[in-house]
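Participant: here is the input, now give the coordinates:
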Amino acid sequence: MDVSNTPLAERIARVLAGQRLSANAEGSNPSAAEAVDRAWPEHLDDAAAVLRTLREPDRAMADVGDPAIWERMVRAAIAAAGEARPAEPDVVADAAAAGP
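Facilitator: Numbers count the residues shown, from 1 in each chain. Okay, here's the model as predicted:
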């Protein structure tokens, strides 16, 4: 099984941004990759809401897996969602200008 290096909240936020921006979905941008790279942080709150609703598996999921493990995995993704927020550009620039 593959394991992603990108946090789940970021992946969801990128999908939501792409859905709104890309001409392949509801948007109008024919080449939205760069726009998605800039916009995904704006969708982290929506991504966290999606994760919160996924905490409890439905019956079909519970029938084929362990609901307790599922819940722990989703709660871990929710906890990591706060860490997925990139630093504000001005904060990074100010820190670099201040030096050591």
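
Participant: show me where pLDDT drops low in this structure?
Facilitator: Scanning the chain with the threshold set as pLDDT under 70 gives 83-100.

Participant: please repeat the previous calculation with a cut-off of 90.
Facilitator: Low-confidence segments of the chain (pLDDT under 90): 1, 19-35, 81-100.

Participant: so after the one helix or strand Arg38 maps to, what's the next helix or strand?
Facilitator: Using DSSP states H and E, Arg38 maps to helix 33-39. As assigned by DSSP H and E, the chain's next helix or strand after helix 33-39 is helix 44-53.

Participant: beyond that next one, next helix or strand please.
Facilitator: The first helix or strand that comes after helix 44-53 along the chain, using DSSP H and E, is helix 59-64.

Participant: buried ones in that next one?
Facilitator: For helix 59-64, the neighbour count (16 or more other Cβ atoms under 10 Å) marks no residue as buried. Placement of C-beta: from N, CA and C, glycine included.

Participant: again with stretch 56-76
Facilitator: The neighbour-count check on stretch 56-76 (16+ other Cβ under 10 Å) flags 57, 70, 74 as buried.
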